[in-house]
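> Fold the following for me, if possible:
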Amino acid sequence: MDMSQYKELFLSEATEHVRGMNEHIVALEINAEDKEKVDSLFRYAHSIKGMAASMGYSDMSELAHKMEDLMEGVRRGDVTFAGEVADLLLEGVDILQEMLRDLEKDGEGSYDVQDILGRLSRFVAPKERVGDLYAARSQLSNTPLNVESEENSVDKINSGVMLERREFRQTVRVKTELLDRLINVTGELITNKHRLVMLERGLGSAALTESVTQLSRLLQILHGEVMKVRLMPFAAIAECFPRMVRDLAKKSGKEVLFVVEGTEIELDRGILEALADPLIHLLRNAVDHGLETASARVSSGKPAAGTVTLQLRREKDQVALAIEDDGRGMDPAALIESAIARKLVKPEERGSISPRQAFMLTCIPGFSTAKQVTDISGRGVGMDIVRSSVLSLGGNLSIDSVVGKGTRITVRLPLMVAIIHVLLVGCSSLTVGIPVMRIHRTLELDRLLITNCGRQKVFSLADEEIPLLSLNRIVGEPFMPFTGKTIPVLVTEVRGKKVGIIVDRFVGQQELFIKPLGRPLGKLRVVAGFAILGDGSVVMILDTLGM
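Residues are numbered from 1 along each chain as shown. Sure, this is the predicted structure:
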């Protein structure tokens, strides 16, 4: 039978099982008494063995079989799940992942597994054949045998499709390209809805008004449902982090307790995919830079094992993701001096940098306090990559730290992308959109409250001196002098500092479908994309954090 038609399904299922094995092995190394995880790990290996055998991937099937034997030894109590067992099983997981990656590239999924098979075999005695076990049980209970063949009792294959003994789930797998097209079509419908709203206002037809209102309601429902389809649990990327932290801890000779919270919270698939690499950088920094060695921690009165916590929580239409360690913390003064030594900050600015601003210096390209470069960190690129990635996702990043207590890095992100709420503002003859989540507040500023600080115009807000910028000058439009007593200002954040941006007028808020820019405009950091209003005019969406 031609099994190639089931390859995509096999890869998807097997990849999920391998990820589960990775997660359970790391968890069992911490708590080997968790019988449920022991049983689950056995089932993962058993499933991969059966599926690979049905597809003809003999090396994969044989490796999974030996891993299954080892887990059966753990279940029977013949083998103690200790560090050596975990290392060997994780090595097997890595090889399975290599085989799956080879299959994804249209390879044969072959691998020289003889060495690891030999090492796995040495851990357990030869396992009795399934038929012998059934026979022994039958004799003990004095009941007649009524079993299928050994092969069928272990692996049930129905017409070549891998079917495990589990309840049928009413789900389907949808290609990400289809989801992206659905988002685009929904966005275009929302743009056309705005066009109909404008036409309805001009015609004054009650029937048309009712129809447009109903259309708006249905589009809102459609938008919500389509976005739900794009949502994925944070666990989709977080499940690989415990293994990574474990390996980093071993490599750096540290003891680390890793805690993950909020894995059930769902985010837009696009955000999750782009978030994986930044989180890897942050976790690496926490283990390598944040935590001390066991001996250093004990001498300072701390537990030998350091704790790294990855926490995700919902905040209205945003998520807050925090990575916290109980390590050595960061000294703001030392960060400032390091930045001055690298000529990233002028010496005369030393006294005007607050502790929070000092922590953000770590996000400047090339900044590093590492005394030596290792394969874990110390190249001065990690936090710069993290911040750039977070900004590109429409989020922001903050850092808090206490010397001797630890560091907490918080990333706030929108739940979804593509269709967002923006504040439309006038800028000379242009209408410009600014994401609402970027705006701290808007106000009509009394001209008498504006003062000069050197060559910079500033105003005071809640005992904080806020510099003023002109949106006209930012986008290259002619400056429009104000004649009234007040000036429209929106307060946002630029390079980690609050600033007030003067606009010509506030137009209002609107939900818009944002389209990314192609080359060469895509290189403009201040422009996040563009959208089309109901009257057909094109609106530029500004990314204030990129100014």
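> Please make it C-alpha for all contacts and neighbour counts, starting now.
Fine.
> Now residue 382. Nearest residue, chain neighbours left out?
Computed as CA to CA, 6 or more residues apart in numbering, the closest residue to residue 382 that is not its neighbour in sequence is residue 281, at 5.7 Å.
> what's the domain layout of this structure?
For the chain, automatic domain parsing gives the domain ranges 4-162, 176-232, 234-414, 419-546.
> Throw those into CSV and include mean pLDDT, thanks.
Formatted as CSV, the domains of the chain follow (pLDDT from 0 to 100):
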stretch, mean pLDDT
domain 4-162, 78
domain 176-232, 81
domain 234-414, 85
domain 419-546, 80
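> Need these in TSV (columns: mean neighbour count).
Below are those laid out as TSV (neighbours: other CA atoms under 10 Å):
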stretch	mean neighbour count
domain 4-162	17
domain 176-232	15
domain 234-414	18
domain 419-546	16
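> returning to that earlier point: and the helix or strand that contains the residue nearest to residue 382, what other elements does it pack with?
Taking DSSP states H and E as the criterion, residue 281 maps to helix 269-285. Where contact means 3 or more CA pairs under 8 Å, 6 or more residues apart in numbering; DSSP states H and E, helix 269-285 is packed against strand 231-233, helix 235-238, helix 241-252, helix 382-392.
> List the residues that contact the residue most central in space within the chain.
For the chain, the residue nearest the mean C-alpha position is residue 275 (3.3 Å; CA atoms, centre = their mean). When the contact criterion is CA atoms under 8 Å, 6 or more residues apart in numbering, the partners of residue 275 are 389-390.
> how far is stretch 102-111 from where the chain is centred?
How far stretch 102-111 lies from its chain's middle: 28 Å, per CA atoms, centre = their mean, to the nearest Å.
> can you check stretch 23-43 too?
Distance, stretch centre to chain centre, for stretch 23-43: 25 Å (CA atoms, centre = their mean).
> next one: stretch 37-46
Distance, centroid of stretch 37-46 to centroid of chain: 27 Å (CA atoms, centre = their mean).
> Against which helices or strands is the strand or helix carrying residue 199 packed?
Here residue 199, judged by DSSP H and E, is contained in helix 176-203. With contacts taken as 3+ CA pairs under 8 Å, 6+ apart, helix 176-203 sits against helix 206-230, strand 505-513.
> Relative to the whole chain's centre, how far out is the longest one?
Think helix 206-230. 30 Å.
> can you list contacts of it?
With contact meaning CA under 8 Å, 6+ apart, helix 206-230 is reached by 179, 182-183, 186, 189-190, 193, 196-197, 200-201, 268-269, 416.
> Let's have the residues you listed in JSON lines, adding distance to residue 393.
Shown next, in JSON lines, are the contacts of helix 206-230 (distance: CA to CA, whole Å):
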{"residue": "179", "distance to residue 393": "18"}
{"residue": "182", "distance to residue 393": "20"}
{"residue": "183", "distance to residue 393": "17"}
{"residue": "186", "distance to residue 393": "20"}
{"residue": "189", "distance to residue 393": "23"}
{"residue": "190", "distance to residue 393": "22"}
{"residue": "193", "distance to residue 393": "26"}
{"residue": "196", "distance to residue 393": "31"}
{"residue": "197", "distance to residue 393": "30"}
{"residue": "200", "distance to residue 393": "35"}
{"residue": "201", "distance to residue 393": "35"}
{"residue": "268", "distance to residue 393": "11"}
{"residue": "269", "distance to residue 393": "12"}
{"residue": "416", "distance to residue 393": "9"}
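> The stretch 51-200 of the chain: helices as residue ranges?
Secondary structure of the stretch 51-200 of the chain (DSSP state H, counting those that start in this stretch): helices at 58-76, 83-104, 114-121, 130-141, 150-154, 176-203.
> I'd like to know which of those helices lies nearest to residue 471.
helix 176-203 (25.5 Å; CA to CA).
> re earlier: want to throw the helices and strands packed on helix 176-203 into CSV with distance to residue 24?
Shown next, in CSV, are those (distance: least, CA to CA, whole Å):
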stretch, distance to residue 24
helix 206-230, 27
strand 505-513, 41
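> among the ones you listed, which is nearest residue 296?
Closest to residue 296 of those, according to CA to CA: helix 206-230, at 45.5 Å.
> contacting residues for the closest residue to residue 427 other than its chain neighbours?
Using CA to CA, 6+ apart and skipping residues adjacent in sequence, the residue nearest residue 427 is residue 504, 5.4 Å away. For residue 504, the contact set (CA under 8 Å, 6+ apart) comprises 425-428, 480, 487-488.
> What separation is there between residue 232 and residue 413?
15 Å (CA to CA, to the nearest Å).
> likewise residue 284?
From residue 284 to residue 413 the distance is 21 Å (CA to CA).
> do the same with residue 86
To residue 413, residue 86 is 35 Å away according to CA to CA.
> and if you look at residue 204?
Relative to residue 413, and taking CA to CA, residue 204 is found at 41 Å.
> for residue 101, same thing?
31 Å.
> ok so, going back, CA atoms of the helix holding residue 281 as CSV?
Extracted in CSV, the C-alpha atoms of helix 269-285 (Å, rounded to 0.1, in the frame of the first residue of the first chain):
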residue,chain,number,x,y,z
ARG,A,269,-0.1,32.4,15.7
GLY,A,270,2.0,35.1,14.0
ILE,A,271,2.9,36.6,17.3
LEU,A,272,3.8,33.2,18.8
GLU,A,273,6.1,32.3,15.9
ALA,A,274,7.9,35.6,16.2
LEU,A,275,8.2,35.4,19.9
ALA,A,276,10.1,32.1,20.2
ASP,A,277,13.6,33.5,19.4
PRO,A,278,13.3,36.5,21.8
LEU,A,279,12.2,34.3,24.6
ILE,A,280,15.2,32.0,24.0
HIS,A,281,17.5,35.0,24.3
LEU,A,282,15.8,36.1,27.6
LEU,A,283,16.0,32.6,29.1
ARG,A,284,19.6,32.3,28.1
ASN,A,285,20.4,35.6,29.8
